[in-house]
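K.L.:
Okay, sequence plus prediction incoming.
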There are 2 protein chains.
Amino acid sequence: MPLQEIDRRRGFTFLESGPVVLVSTSDRGRYNVMTISWHMVMDFTPHIAMATGPWNHSFRTMMKTKQCVINVPTVELLETVVRIGIVSGTEVDKFARFHLTALPARDVQAPLIAECLAALECTVIDYVEKHGLVILEATRVWYNPWKKEKRVCHAIGNGRFSVDGATIDYRSLMEEKLPDGV
Amino acid sequence: MPLQEIDRRRGFTFLESGPVVLVSTSDRGRYNVMTISWHMVMDFTPHIAMATGPWNHSFRTMMKTKQCVINVPTVELLETVVRIGIVSGTEVDKFARFHLTALPARDVQAPLIAECLAALECTVIDYVEKHGLVILEATRVWYNPWKKEKRVCHAIGNGRFSVDGATIDYRSLMEEKLPDGV
């Protein structure tokens, strides 16, 4: 299995940069997946907020099952990620259509996606209906240490995406502010 | 003035990719600025969520004044952005210390930062205390069309930052999903 479980305290580092992600769900064994850019780290536990709502098929499953997996794809998957975002799971089995490999998670029924760099098993702990915000807690974090491609993609919102370029290290400046375990 | 007001409907496109941003405030004319990565677009209006709380000096000013500006810096400012993030406005006049140029906004007392690529004037419309989420509405959006450096930076959370690399265009695939005005 390409995805290995890692320390949950590293989980937020896969989301803080704001990548476009694939959120997988399972409705009585029927898998679905949606593309989301509107998500945010809320703390180091990590808790995560996600803006979505009842117009979304995956949202209804998330509300019913209180579970999902946030999968972090890298750049070679971007066209697939975009195509997943423009069809609805009410019409299409997206795992089959897009040749995604579902792997079993531990705490949730929703699948890990084997092709992704990382995957966070999440429990829905609240829904702030007034603002359409789903509040998630990641309970387990998975990572593919063998995957060479690590560049994630960021949706700009106008149909364009930026791919990770250079990495700049300010760890020495920020040491005191960093949480344990990262 | 380098920053020009543009169509508010383009505002979310400066935040959706998840850049590290500078949030400026004004407390009876005393300017302050904080570094934030934990923010999220919630809709195209745009509404924006931000995770912060009472431990933060700027948060207290935001709650009192119900105003702030979200400024979007580019890569040449990254070291300044990191340094802004590790000192408190209770101790330091950060605009003076970091040589930031404050420009007047229109709807809010908080300043636009002239050195940034874009700036969104925001009103605090709610605070979800249970989850530490400030809910903002951007009322005016500013952009520097002359600024050549357009690469924003994304905090990874471990002291490292990724800088925008290549841009990939899927506009033709996503046309139907894009809102007007972007």
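P.N.:
Nice, I can see it.

K.L.:
show me where pLDDT drops low in chain A?
P.N.:
Applying pLDDT under 70 to the predicted model, chain A contains no residue that meets it.

K.L.:
In it, what residue lies closest to chain B?
P.N.:
A:Gly18 (1.3 Å; CB to the nearest CB). In this view, the C-beta of every residue, glycine as well, is placed from N, C-alpha and C.

K.L.:
Tell me how many other residues surround that residue.
P.N.:
31 (other CB atoms under 10 Å in any protein chain shown).

K.L.:
again, but for A:His57
P.N.:
17.

K.L.:
Assess the claim that A:Pro145 and A:Gln4 are in contact.
P.N.:
Yes: with contact defined as CB atoms under 8 Å, A:Pro145 counts as touching A:Gln4 (6.1 Å).

K.L.:
Now do the shared contacts for those two.
P.N.:
Common neighbours of A:Pro145 and A:Gln4, counting by CB atoms under 8 Å, 6 or more residues apart in numbering or on different chains, are absent.

K.L.:
ok, back up a step: which secondary structure element is home to the residue of chain A closest to chain B?
P.N.:
Using DSSP states H and E, A:Gly18 is not contained in any helix or strand.

K.L.:
how near is it to B:Pro19?
P.N.:
7 Å (CB to CB, to the nearest Å).

K.L.:
between those two, what contacts are shared?
P.N.:
B:His154.

K.L.:
Can you tell me the centre-most residue of chain A?
P.N.:
Centroid-nearest residue in chain A: A:Ile70, 2.4 Å away (criterion: CA atoms, centre = their mean).

K.L.:
Okay, and the beta partners of A:Ile113?
P.N.:
A:Ala102 (DSSP bridges).

K.L.:
quick one: it and A:Pro104 touch, right?
P.N.:
No: using CB under 8 Å, A:Ile113 makes no contact with A:Pro104, being 11.7 Å away.

K.L.:
so what's A:Ile70 up against?
P.N.:
A:15, A:21-23, A:39, A:48, A:119-120, A:122, A:136, A:138.

K.L.:
and with 6 Å instead?
P.N.:
A:Ile70 makes contact with A:21, A:23, A:120, A:122 under the criterion CB atoms under 6 Å, 6 or more residues apart in numbering or on different chains.

K.L.:
A:Met40 now?
P.N.:
A:49, B:38, B:40.

K.L.:
Would you format the residues you listed as CSV with distance to B:Val182 included?
P.N.:
Listed next are these as CSV, based on distance: CB to CB, whole Å:
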residue, distance to B:Val182
A:Ala49, 23
B:Trp38, 24
B:Met40, 18
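
K.L.:
What is the neighbour count of A:Gly85?
P.N.:
By other CB under 10 Å, neighbour count at A:Gly85 equals 19.

K.L.:
Which of the contacts of A:Ile70 fall within helices?
P.N.:
Among the contacts of A:Ile70, no member falls in helices (DSSP state H).

K.L.:
wouldn't the residue of chain A closest to chain B be in contact with B:Gly18 here?
P.N.:
Yes: counting by CB atoms under 6 Å, A:Gly18 touches B:Gly18, with 1.3 Å between them.

K.L.:
and chain A, which of its residues are near chain B?
P.N.:
Counting by CB under 6 Å from any CB of the partner chain, the residues of chain A close to chain B are A:12-13, A:16-18, A:37-38, A:40-42, A:51, A:82, A:128, A:131, A:135, A:154-171, A:173-174, A:178, A:182.

K.L.:
Could you give the secondary structure assignment for A:Arg60?
P.N.:
When classified by DSSP: H, G, I helix; E, B strand; the rest coil, A:Arg60 comes out as helix.

K.L.:
neighbours around it, how many?
P.N.:
When neighbours are counted by other CB under 10 Å, A:Arg60 comes out with 17.

K.L.:
Just list the residues touching it, thanks.
P.N.:
By CB under 6 Å, 6+ apart, A:Arg60 has no neighbours at all.

K.L.:
Next: the one 3 residues further on.
P.N.:
Shown in contact with A:Met63 (CB under 6 Å, 6+ apart): no residues.

K.L.:
Go again with 8 Å.
P.N.:
Counted by CB under 8 Å, 6+ apart, A:Met63 has contacts A:124, A:127.

K.L.:
Extract the C-alpha trace of the strand or helix carrying it and format it as PDB.
P.N.:
Remark: A:Met63 resides in helix A:57-65, with elements defined by DSSP H and E. Extracted in PDB, the C-alpha atoms of helix A:57-65 (Å, rounded to 0.1, in the frame of the first residue of the first chain):
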ATOM      1  CA  HIS A  57     -23.900  15.500  -3.600                       C
ATOM      2  CA  SER A  58     -20.800  14.800  -1.400                       C
ATOM      3  CA  PHE A  59     -22.000  17.300   1.200                       C
ATOM      4  CA  ARG A  60     -25.200  15.300   1.700                       C
ATOM      5  CA  THR A  61     -23.200  12.100   2.200                       C
ATOM      6  CA  MET A  62     -20.800  13.900   4.600                       C
ATOM      7  CA  MET A  63     -23.700  15.200   6.700                       C
ATOM      8  CA  LYS A  64     -25.300  11.700   6.800                       C
ATOM      9  CA  THR A  65     -22.200   9.700   7.500                       C
END
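
K.L.:
any idea which helix or strand comes after it?
P.N.:
strand A:67-72.
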